[in-house]
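> mind looking at a prediction? Sequence and model below.
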Amino acid sequence: MAGIKDPESVADHSFRCAVIGFCLAQGEGLDPYRVVVMALFNDIHEARINDLHKMGHHYIDFKDAERRVFQDQIAFLDQRIKGELKKLRVEYDGQKTPEALAARDADILECLLQAKEYLDQGYPTARKFFNRAPAYLRTETARRLWQKMNSWDSSRWWQGLVKFER
């Protein structure tokens, strides 16, 4: 919808969600295992059905599709692994525990970070994500990180580190 050439993959997003989730868990004093696993597996369904744009959510019950895909994806796993993933999925979907809230914040924060990078790369429509998404951040650590991310230029982090030869 924003005309971005070569947008991030599901793997890119999931990896960064897990890393951000770990940082949020540490900042909030939460169980990093639960936060990281929830953040890592949160969008695994997208490997099969892609990431449906929010406009599509207006027309399609995407949450039901996500649940069905997840069930298919874990169907043949060892019972112990399947049980753990189901338990953490239910916890994430319920959004009642501090760990589930932090994992959701990791997802939102990663999307905000990606939008900031797209904006810094010259895609002005990415700024639209900034209008509502930050209001959904529930942890103090995520809100602080967003304030920092929002004020820096994501394309300049490396410029003082690399020495160019003549």
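Perfect, I can see it now. This structure is a prediction, so every number in the text was calculated from the model and none was measured.
> give the buried residues for stretch 62-81.
Residues of stretch 62-81 classed as buried under the neighbour-count rule (16 or more other C-beta atoms under 10 Å) are 62, 66, 69, 70, 73, 74. Using the backbone N, CA and C atoms, a C-beta is placed for each residue, glycine as well.
> now render those as JSON lines, adding pLDDT.
Below are the buried residues of stretch 62-81 laid out as JSON lines (pLDDT from 0 to 100):
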{"residue": "62", "pLDDT": "78"}
{"residue": "66", "pLDDT": "86"}
{"residue": "69", "pLDDT": "88"}
{"residue": "70", "pLDDT": "91"}
{"residue": "73", "pLDDT": "92"}
{"residue": "74", "pLDDT": "93"}
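> return the helix or strand in the chain with minimum mean pLDDT.
helix 54-57 (a mean of 64; mean pLDDT, DSSP states H and E).
> and the next helix or strand past that helix?
helix 62-74 (DSSP states H and E).
> show me what that following helix packs onto, helices and strands only.
Judged by 3 or more C-beta pairs under 8 Å, 6 or more residues apart in numbering; DSSP states H and E, the packing partners of helix 62-74 are helix 46-49, helix 79-94.
> angle of it against helix 79-94?
Computed by axes from the mean of the first three to the mean of the last three C-alpha atoms, to 10 degrees, the angle separating helix 62-74 from helix 79-94 equals 170 degrees.
> could I have the CA atoms of helix 62-74 written out in CSV?
Output of helix 62-74 as CSV, limited to C-alpha atoms (Å, rounded to 0.1, in the frame of the first residue of the first chain):
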residue,chain,number,x,y,z
PHE,A,62,-8.4,-12.8,10.1
LYS,A,63,-8.1,-13.8,13.7
ASP,A,64,-10.0,-17.1,13.0
ALA,A,65,-7.7,-17.8,10.0
GLU,A,66,-4.6,-17.1,12.2
ARG,A,67,-5.8,-19.6,14.8
ARG,A,68,-6.5,-22.3,12.2
VAL,A,69,-3.1,-21.9,10.5
PHE,A,70,-1.4,-22.0,13.9
GLN,A,71,-3.2,-25.3,14.7
ASP,A,72,-2.1,-26.8,11.4
GLN,A,73,1.5,-25.6,11.9
ILE,A,74,1.9,-27.2,15.3
